[in-house]
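> The following block contains a protein sequence and its predicted model.
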Amino acid sequence: MTSSPTPAPSPPGAPGSRGPLRRLTARGRDEAHRVASPLELFFDLCFVVAVAQAGMQLVHAVAEGHAGEGILNYAMVFFAIWWAWMNFTWFASAYDNDDVLYRAVTLVQIAGVLVLAAGISQAFEDHDFLVVWLGYVIMRLAMSAQWLRVARSSHGTERTTARRYAGGVLLCQVGWLGLVVLPEEARPWAFLVMALLEMCVPVYAERAFTTTWHPHHIAERYGLFTIIVLGETIAAATVAVKTGIDENDALGELLPIAAGGLLIIFAAWWIYFVVPIHGHLRSNRQAFLWGYGHYIVFASAAAIGAGLEVAVEQAVGKAHISTLAASAAVTLPTALYLLTVWALHARHFKIGIAEQLILPTTALLVILCTFLGDWAVLASGAVSALSVATGVTLTSRTAFREHKATRPAA
């Protein structure tokens, strides 16, 4: 991938310029004190509504013994949510001028995800993706309109990149019609092809010009969405436990699940935020791999909450699955989350083989906890918490040795 000169840190279209309508020009990558805007925070909260709906439908599918079909539908719907969120996030990092038109088009994208959320139950229960497709199209047309604004305000290779983005986004919407018109058995293949094509659009578009996304801002945006997804996971699991206690008086059966689930989520938060990842995001090659990998991070984090709900329903006799299957609904997404966060984050900051092996070993142990029956979730939580304690201990020892080694020289 090629790089292009970075525009000036304070372009004319940046927030703070006067007038309700401004040129949509690039912001500087070295802009100081860049943080998430109130509009971006509102955007994230509305997108989590769709995440919650997808998680709820995944719970129903798994609890009723249709895990394979439920996971497939969850993967397809979650991709639509994640991809639209990610495209807006990177675009806003480079071009947010906060004028009236930018805000209005962003609100249209929010409306689109709410339409998508309204169609998720139909997609899972009736295999009808029409409303989901309509919501996705609304979001993507709005995104294409933003890129056309950039093309109008720019020139040279930057304009070429903006046009490639706009054209690529529009063309992909035609392909997504396959989820509506193709036979049911062909839809997973159509999804796979279109997902790959969608992910190729940024790679192709930025060959001409590298957009000026802000590393610290991007890291913060991803971190905030991770927090919101984990928060939704806690909320969903808490409601499930409360309902189980109120309706079935099953405190003894649910307490290990509640305690283990809380430890898992606390460990998930700690592990994600233990390192400052923005320093690793130096080029598009690194950023694309890191950004795309978060599909698994976000999807598995939300699936942990769904798994906890399934475990609760199985414990009180509402789910038509075995204890092993209910345990796997928690342990497998937890292990996937740990491995993905290690691959994207932790391994870049670990020193020595012992530190590098903590998260992969924890993921393996969590998978093995699946076979512990009613204690599987609690054991998984204990293993996750122990991995955090081990990591903190090893990191502290390394820092102490380095400090001790440099003290005489000082």
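Cool, the structure landed.

> All the helices of the stretch 301-410 of the chain, in order from the start?
With DSSP state H, counting those that start in this stretch as the criterion, the stretch 301-410 of the chain has helices at 323-344, 352-368, 376-406.

> tell me the most buried of these?
Most buried of these by mean neighbour count (mean count of other C-beta atoms under 10 Å) is helix 323-344; its value is a mean of 24. The way it works is simple: take the backbone N, C-alpha and C, and place the C-beta from them, glycine included.

> roughly how far is the host helix or strand of residue 85 from the heart of the chain?
Per DSSP states H and E: residue 85 is located in helix 67-95. Taking C-alpha atoms, centre = their mean, to the nearest Å, the mean C-alpha location of helix 67-95 is offset from the chain mean by 7 Å.

> same question, stretch 43-58
That offset, for stretch 43-58, works out to 11 Å (C-alpha atoms, centre = their mean).

> Buried residues, that stretch. List them.
43-44, 46-58 (16 or more other C-beta atoms under 10 Å).

> Sort out for me which of those are in helices.
Mapping the buried residues of stretch 43-58 onto helices (DSSP state H) picks out 43-44, 46-58.

> now, which of those residues sits nearest residue 159?
Closest approach to residue 159 among these (C-beta to C-beta): residue 43, at 26.2 Å.

> I figured that closest one was touching residue 111, is that so?
No. Contact criterion C-beta atoms under 8 Å: residue 43 and residue 111 do not qualify, at 11.3 Å.

> now the closest residue in space to residue 45 that isn't next to it in sequence: how far from residue 84?
Leaving out its chain neighbours, the residue that sits closest to residue 45 by C-beta to C-beta, 6 or more residues apart in numbering is residue 228, at 6.8 Å. Computed as C-beta to C-beta, to the nearest Å, the residue 228 to residue 84 distance reads 15 Å.

> Between the two, which is the more surrounded one?
residue 84 (24 against 18; other C-beta atoms under 10 Å).

> excluding its backbone neighbours, what's nearest the more buried one?
Spatially, and ignoring its direct neighbours in sequence, residue 84 is nearest to residue 139 (4.3 Å; C-beta to C-beta, 6+ apart).

> mind checking the longest helix of the chain?
Per DSSP H, the chain has its longest helix at helix 215-248.

> so how far is that one from its chain's centroid?
Centre to centre, stretch against its chain (C-alpha atoms, centre = their mean), the figure for helix 215-248 is 12 Å.

> Which elements pack onto that helix?
helix 38-63, helix 67-95, helix 251-273, helix 284-315 (3 or more C-beta pairs under 8 Å, 6 or more residues apart in numbering; DSSP states H and E).

> so which strand or helix has the residue nearest to residue 84?
Under the assignment here (DSSP H and E), residue 139 is part of helix 130-153.

> For residue 327, give me its contacts.
Contact analysis of residue 327 by C-beta atoms under 8 Å, 6 or more residues apart in numbering lists 311, 369-373, 376-377.

> And what about residue 33, helix, strand or coil?
Classification of residue 33 using DSSP: H, G, I helix; E, B strand; the rest coil returns coil.

> what residue ranges in the stretch 101-250 of the chain score low on pLDDT?
Residues of the stretch 101-250 of the chain meeting the criterion pLDDT under 70: none.

> so residue 273 touches residue 220, yeah?
No. Assessed by C-beta under 8 Å, residue 273 is found out of contact with residue 220, at 10.9 Å.

> Of those two, give the one with the bigger neighbour count.
residue 220 (17 against 14).

> For the more buried one, which non-adjacent residue is spatially closest?
residue 36 is the one closest to residue 220 (C-beta to C-beta, 6+ apart), at 5.7 Å.

> returning to what we had before: check which residues of the longest helix of the chain are buried.
So helix 215-248, judged by 16+ other C-beta under 10 Å, has buried residues 215-226, 228-230, 232-234, 236-237, 240-241, 243-245.

> angle of that helix against helix 284-315?
Going by axes from the mean of the first three to the mean of the last three C-alpha atoms, to 10 degrees, helix 215-248 is angled at 10 degrees with respect to helix 284-315.

> Report the central residue of this protein.
residue 298 (3.1 Å; C-alpha atoms, centre = their mean).

> Give me the pLDDT for that one.
At residue 298, the model reports a pLDDT of 94.

> I'd say it and residue 86 touch.
No. Contact status for residue 298 versus residue 86: not in contact, 9.2 Å apart, counting by C-beta under 8 Å.

> Next up, phi/psi of residue 176, please.
When read as degrees, to the nearest 10, the backbone of residue 176 gives phi -70, psi -10.

> That one touches residue 134, doesn't it?
No. Contact criterion C-beta under 8 Å: residue 176 and residue 134 do not qualify, at 10.4 Å.

> Of these two, give the one with the bigger neighbour count.
Neighbour count, other C-beta under 10 Å: between residue 176 and residue 134, residue 176 has more, with 21 against 15.

> contacting residues for the residue nearest to residue 45?
So residue 228 contacts 44-45, 48 (C-beta under 8 Å, 6+ apart).

> now, which of the residues you listed sits nearest residue 192?
residue 48 (25.7 Å).

> ok, now how distant is the residue nearest to residue 220 from residue 226?
From residue 36 across to residue 226, the span is 13 Å (C-beta to C-beta).

> No more questions from me, cheers.
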